[in-house]
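Student: okay, structure incoming, though there's no sequence with it:
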């Protein structure tokens, strides 16, 4: 698959909430996944599909997703961007959050080789 | 300025339609600017602030901007992303177009050192 085909499939899976299916179908074994910061016991940068599956399991187990709006993909060359606006409740704290972020994805040999997430900057007055 | 400060300023300039001011204030002299494809007589990749000023002049001279919605910035580490939804008329052809794209920006030493634009993928049935 070329970059646009991978990008379109990833956006489709995310729209359906099939996060793990996206990883299983589209991610390279040596995927590098970079979050804005470390979370709980997870480092910001993870390497390898097993670590990314672990993060996705954690997400599916700990978050109740009320809605997820997926914008994109935006595609050029080996890169694509998807914007996520998600409304979730953290089951442990029962805290409901609206989160906006984009993912920047790099495709190599038909698989996602790198993903990096950037949160919406907080507005300052 | 750190990445978030540069990002916030750039988004502000773009919201006000002050494209050239953004370049003059925020761009590194050796900026690398990458469009999805070459346009008219301009290559996809441009280097140096003079070439980028030339592109911005071309844009301001040739496009009548009816509206420009700017979403973001999304920021992490040395990178930020801004989404643009613009409604413009190409003055030469009198063709009105709605364009959605994201820019991925890299900040070095308080200046934008690289920008890369990715258009919204066309939906296929």
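Tutor: Nice, thanks for sending it over. Keep in mind it's a predicted model, so treat the numbers as computed, not measured. Numbers count the residues shown, from 1 in each chain, chains lettered A, B, ... in the order given.
Student: quick check: closest non-adjacent residue to residue A:113.
Tutor: Spatially, and ignoring its direct neighbours in sequence, residue A:113 is nearest to residue A:28 (4.8 Å; CB to CB, 6 or more residues apart in numbering or on different chains). Bear in mind the C-beta positions are built from the backbone N, C-alpha and C, glycine included.
Student: tally of neighbours for that neighbour?
Tutor: Residue crowding around residue A:28 was assessed by other CB atoms under 10 Å in any protein chain shown; the count is 18.
Student: same check on residue A:103?
Tutor: The burial count assigned to residue A:103 is 22, neighbours taken as other CB under 10 Å.
Student: got it, and residue A:18?
Tutor: Residue neighbour count, defined by other CB under 10 Å, stands at 13 for residue A:18.
Student: quick one: the residue nearest to the spatial centre of chain A from residue B:100, how far?
Tutor: The centre of chain A sits closest to residue A:103, judged by CA atoms, centre = their mean, with a distance of 6.1 Å. Residue A:103 sits 17 Å away from residue B:100, taking CB to CB, to the nearest Å as the criterion.
Student: all helices of chain A, in order?
Tutor: A:3-15, A:19-26, A:49-62 (DSSP state H).
Student: and the contacts of the second one?
Tutor: Among residues not part of helix A:19-26, those counted as contacts by CB atoms under 8 Å, 6 or more residues apart in numbering or on different chains are A:6, A:9-10, A:13-14, A:49, A:52-53, A:56-57, A:59-60, A:111-112.
Student: tell me the mean pLDDT for that helix?
Tutor: Helix A:19-26 shows a mean pLDDT of 96.
Student: kindly report the same for the last one.
Tutor: Helix A:49-62 comes out with an average pLDDT of 92.
Student: same for that helix, what does it pack against?
Tutor: helix A:19-26, strand A:27-34, strand A:45-47 (3 or more CB pairs under 8 Å, 6 or more residues apart in numbering or on different chains; DSSP states H and E).
Student: can you pull the buried residues of it?
Tutor: With burial defined by 16 or more other CB atoms under 10 Å in any protein chain shown, the residues of helix A:49-62 counted as buried are A:49, A:51, A:52, A:53, A:55, A:56.
Student: for residue A:115, see how far away the second one is.
Tutor: When you say that, I think you mean residue A:51. As for residue A:51, its distance to residue A:115 is 12 Å (criterion: CB to CB).
Student: okay, and the common contacts of those two?
Tutor: Here residue A:51 and residue A:115 have residue A:33 as joint contacts, going by CB under 8 Å, 6+ apart.
Student: hmm, residue A:92 and residue A:63 touching each other?
Tutor: No - proximity of residue A:63 to residue A:92 does not meet the contact threshold set by CB atoms under 8 Å, at 9.7 Å.
Student: who's more crowded, the two?
Tutor: A side-by-side neighbour count of residue A:63 and residue A:92, using other CB under 10 Å, places residue A:63 first with 16 against 9.
Student: tell me the contacts of the more buried one?
Tutor: Taking CB under 8 Å, 6+ apart as the test, what residue A:63 contacts is A:88, A:89, A:90, A:91.
Student: for residue A:24, see how far away it is.
Tutor: In terms of CB to CB, residue A:63 sits 19 Å off from residue A:24.
Student: just give the nearest non-adjacent residue to residue A:62, would you?
Tutor: With CB to CB, 6+ apart as the criterion, residue A:62 has its nearest non-adjacent residue at 5.6 Å, and that residue is residue A:91.
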